[in-house]
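quick one: sequence plus predicted model below, questions after.
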2 protein chains.
Amino acid sequence: MEQEFASSHLENAVNELSRLPGIGRKTALRLALHILRQEEKAGVALGQAIIDMRRNVRYCSMCHNISDSETCAVCGDPQRDKSTVCVVENVKDVMSIENTRQYAGVYHVLGGVISPMDGIGPDQLEIDSLIERVDNGGVKEVILALSPTMEGDTTGFYIYRRMGTRPVVMTQLARGVSVGNEIEYTDEITLGRSLINRIPFASSFDNR
Amino acid sequence: MEQEFASSHLENAVNELSRLPGIGRKTALRLALHILRQEEKAGVALGQAIIDMRRNVRYCSMCHNISDSETCAVCGDPQRDKSTVCVVENVKDVMSIENTRQYAGVYHVLGGVISPMDGIGPDQLEIDSLIERVDNGGVKEVILALSPTMEGDTTGFYIYRRMGTRPVVMTQLARGVSVGNEIEYTDEITLGRSLINRIPFASSFDNR
């Protein structure tokens, strides 16, 4: 078979780019040719940024969030309430919660959820380190901010069982109708739960 | 304003990735986090492939197609007919024509088309070098394989005028109904032209 591209360097870059999720060979080629059209400086900066990130990003020794140093910015912030730990699946969830600007506690990034289908058990997640963190004292509340899916619920329940009789309050995110969504389009399980767990009328305006 | 990401390395990579066409900040973040989840080796290979490509890809001194060496694989192939030169807009068009496996001549990559709107004039394109190629002798036919757009037609007409009385046959790609397309959905200009330029019935089966 003939060579697909006129240059082995181009071919190699297209191969590597098309390994990225959601990027097929056509898109990879389009991106590579775009990089070739730009100044050399720009292409080198992109490649170097990827290498630097992969080599230098660290994970916080306390919460396992992405960090530039031993301890992440949140864990190192004296203003944050270290007695409240919000358990999340991944780094992106930390960003989502930080973006709400409603949370003053710290985090614990599990690095995934229990999913037997994908071969992910509790041992591959940062659950032991969460228990250890609670055992080290100072934690009063653990908030389970996991997705309301089968895997998220399983993981939450597993952590709840593991926590046992440890003197810590365990909470989870409120489940109910989404702000801005119409009742008509809310699924019936969510709607049913939000009826059962209804809250005093004025409370939803409290934090505005 | 607070730092958007927990790591400056991540932030830098997201910034660079989101400069690529069609990749917004959300997609860039998703790609960056994917790279972080992979082995270090994989991320470094991607970054290095981009740098290598940008630094080492060369352009054929004859046809200006992408190449690993002074002369590209097509121009260096003794089997290819050097007397027929197919003029294309860019490197991708060379790939498209090569994929048809119907062309045994060589190419000339203009590097764009004349587009006053984008500030691209004839001087920024490889038109002088095309004329020079013809003047050096040996070229019998110049095929204009440019897109049937305002810019493509303008560029073709400009090259035709520049070629003047040079003893070379100038042709262009056939225009007509697309193979596999229904007449009903063919635009009327194309349909009208394909009626005027109708061809003997059997000829469309010739090269099958």
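Nice, I can see it.

the longest helix that chain A contains and chain B, any residue contact?
Assignment by DSSP state H gives helix A:40-56 as the longest helix of chain A. Yes - under the criterion of CB under 8 Å from any CB of the partner chain, helix A:40-56 makes contact with chain B via A:40, A:42-56. All C-beta spots, glycine's among them, are computed from the backbone N, C-alpha and C.

residue contacts, the residue positioned nearest the centre of chain A?
Note on chain A: the residue nearest the mean C-alpha position is A:Asn90, at 2.4 Å, using CA atoms, centre = their mean. Taking CB atoms under 8 Å, 6 or more residues apart in numbering or on different chains as the contact definition, A:Asn90 lies against A:Val109, A:Leu110, A:Gly111, A:Gly112, B:Leu33.

so where's chain A uncertain?
Of all residues in chain A, those with pLDDT under 70 make up the ranges A:1-3, A:202-208.

in it, where's the longest strand?
For chain A, the strand with the greatest residue count under DSSP state E is strand A:81-88.

helices or strands up against that one?
Counting contacts by 3 or more CB pairs under 8 Å, 6 or more residues apart in numbering or on different chains; DSSP states H and E, strand A:81-88 packs against helix A:91-100, strand A:105-109, helix A:128-135, strand A:141-144.

now with 7 Å?
Applying 3 or more CB pairs under 7 Å, 6 or more residues apart in numbering or on different chains; DSSP states H and E, we find strand A:81-88 packed against helix A:91-100, strand A:105-109, strand A:141-144.

now for these, which one comes closest to chain B?
helix A:91-100 (6.3 Å; CB to the nearest CB).

and the contacts of that closest one?
A:Asn65, A:Ile66, A:Cys86, A:Val88, A:Tyr103, A:Tyr107, A:Val109, A:Ala145, B:Leu33 (CB atoms under 7 Å, 6 or more residues apart in numbering or on different chains).

out of these, which two sit at the greatest distance?
For the contacts of helix A:91-100, the maximum inter-member distance is 20.6 Å, found between A:Tyr103 and B:Leu33 (CB to CB).

count of residues packed around the residue nearest to A:Ser147 when sequence neighbours are not counted?
Closest residue to A:Ser147 apart from its sequence neighbours, by CB to CB, 6 or more residues apart in numbering or on different chains: A:Glu89 at 6.6 Å. By other CB atoms under 10 Å in any protein chain shown, 20 other residues sit near A:Glu89.

doesn't A:His108 make contact with A:Glu89?
No - under the criterion of CB atoms under 7 Å, A:Glu89 makes no contact with A:His108, lying 10.6 Å away.

spatially nearest residue to A:Thr84 (excluding sequence neighbours)?
Spatial nearest neighbour of A:Thr84, chain neighbours left out: A:Gly105 (3.1 Å); criterion: CB to CB, 6+ apart.

tell me the bridge partners for that neighbour.
Under DSSP bridges, the beta-bridge partners of A:Gly105 are A:Asp81.

what's near enough to touch it?
With contact taken as CB under 7 Å, 6+ apart, A:Gly105 is in contact with A:Arg80, A:Asp81, A:Thr84, A:Val85, A:Cys86.

any of those residues buried? List them.
Neighbour-count burial (16 or more other CB atoms under 10 Å in any protein chain shown) is assigned, among those, to A:Arg80, A:Thr84, A:Val85, A:Cys86.

closest one to chain B out of these, please.
Nearest to chain B among the buried ones among the contacts of A:Gly105 is A:Arg80, at 12.6 Å by CB to the nearest CB.

surely that closest one meets A:Tyr107?
No - taking CB under 7 Å as the definition, A:Arg80 is not a contact partner of A:Tyr107, at 9.4 Å.

name the residues contacting each of those two.
With CB under 7 Å, 6+ apart, A:Arg80 and A:Tyr107 have common neighbours A:Val74.

for B:Asn197, see how far away A:Leu146 is.
65 Å (CB to CB, to the nearest Å).

which of those two has more neighbours?
The neighbour comparison of A:Leu146 against B:Asn197 (other CB under 10 Å) goes to A:Leu146, with 23 against 10.

contacts only, for that one.
Counting by CB under 7 Å, 6+ apart, A:Leu146 makes contact with A:Val87, A:Glu89, A:Val113, A:Gly152, A:Thr155, A:Gly156.

are any of the residues you listed buried, and if so which?
Taking 16+ other CB under 10 Å as the criterion, what is buried in these is A:Val87, A:Glu89, A:Val113, A:Gly152, A:Thr155, A:Gly156.

please report how far the spatially closest residue to A:Pro148 that is not a sequence neighbour lies from A:Thr100.
Distance criterion CB to CB, 6+ apart; nearest residue to A:Pro148, sequence neighbours excluded, is A:Arg175 at 5.9 Å. To A:Thr100, A:Arg175 is 16 Å away according to CB to CB.

before we move on, what about A:Thr149?
20 Å.

pick out whichever of these two has more residues nearby.
Neighbour comparison, A:Thr149 and A:Thr100: the larger count goes to A:Thr149, with 12 against 8 (by other CB under 10 Å).

which residue, other than its chain neighbours, is closest to that one?
Excluding the flanking residues, the one nearest A:Thr149 by CB to CB, 6+ apart is A:Val113, at 7.8 Å.

same deal with A:Thr171?
Nearest residue to A:Thr171, sequence neighbours excluded (CB to CB, 6+ apart): A:Ile143, at 5.1 Å.

check A:Val14 too.
Spatial nearest neighbour of A:Val14, chain neighbours left out: A:Ala28 (4.6 Å); criterion: CB to CB, 6+ apart.
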